[in-house]
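S.K.: Quick one: sequence plus predicted model below, questions after.
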Amino acid sequence: QVQLVESGGGLVQTGGSLRLSCLATGRTFSSFAMGWFRQAPGKEREFVAAVNWRAGGIYYSDTMKGRFTISRDYAKNTVYLQMNSLKPEDTAVYYCAARNNIVSRLQSDYDYWGQGTQVTVSS
């Protein structure tokens, strides 16, 4: 059974950085794509970034491109989201997701979800 566990959220000031981690367990993920999504209070969940576990293919939301970087560590079965130059509007619960297919921006394409980690950016 696939399990995704996020960590690394917290409170940070405007302009600060955080690195989120998503530990994936339960099977081999070589054919999977991993994504990060976020949901701010009162808003719908939105796409942040996604990457194929093995063979290239990285997508970013235009809003976050240049400030956020997605990466993966095969040995640790972990996907990261490095977030720099954080803004108050980045405040949200950040979710890790996985699908047994190529990378996608659509949350409906993802079959597995973590519980989320809260990121709060103070002004």
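M.R.: All right, it came through fine. Being a predicted model, the structure only gives us computed values, none of them experimental.
S.K.: Can you give me the neighbour number for Asn101?
M.R.: 13 (other C-beta atoms under 10 Å). Where you see a C-beta, it was placed from the backbone N, CA and C, and this is true even at glycine.
S.K.: Next, give phi and psi for it.
M.R.: The phi/psi pair for Asn101 (degrees, to the nearest 10) reads phi -170, psi -180.
S.K.: Give me the pLDDT value at it.
M.R.: Asn101 is assigned 92 on the pLDDT scale.
S.K.: Could you do Gln39 as well?
M.R.: 98.
S.K.: Contact partners for the closest residue to it other than its chain neighbours?
M.R.: Counting by C-beta to C-beta, 6 or more residues apart in numbering, the nearest residue to Gln39 once its immediate chain neighbours are dropped is Arg45, at 4.0 Å. Listed by C-beta atoms under 8 Å, 6 or more residues apart in numbering, the contact set of Arg45 reads 37-39, 95, 107.
S.K.: give me that answer again for 6 Å
M.R.: By C-beta atoms under 6 Å, 6 or more residues apart in numbering, the residues touching Arg45 are 37, 39, 107.
S.K.: Ramachandran angles for it?
M.R.: Taking degrees, to the nearest 10 as the convention, Arg45 sits at phi -70, psi 140.
S.K.: Quick one, grab the pLDDT at it.
M.R.: Reported pLDDT for Arg45: 97.
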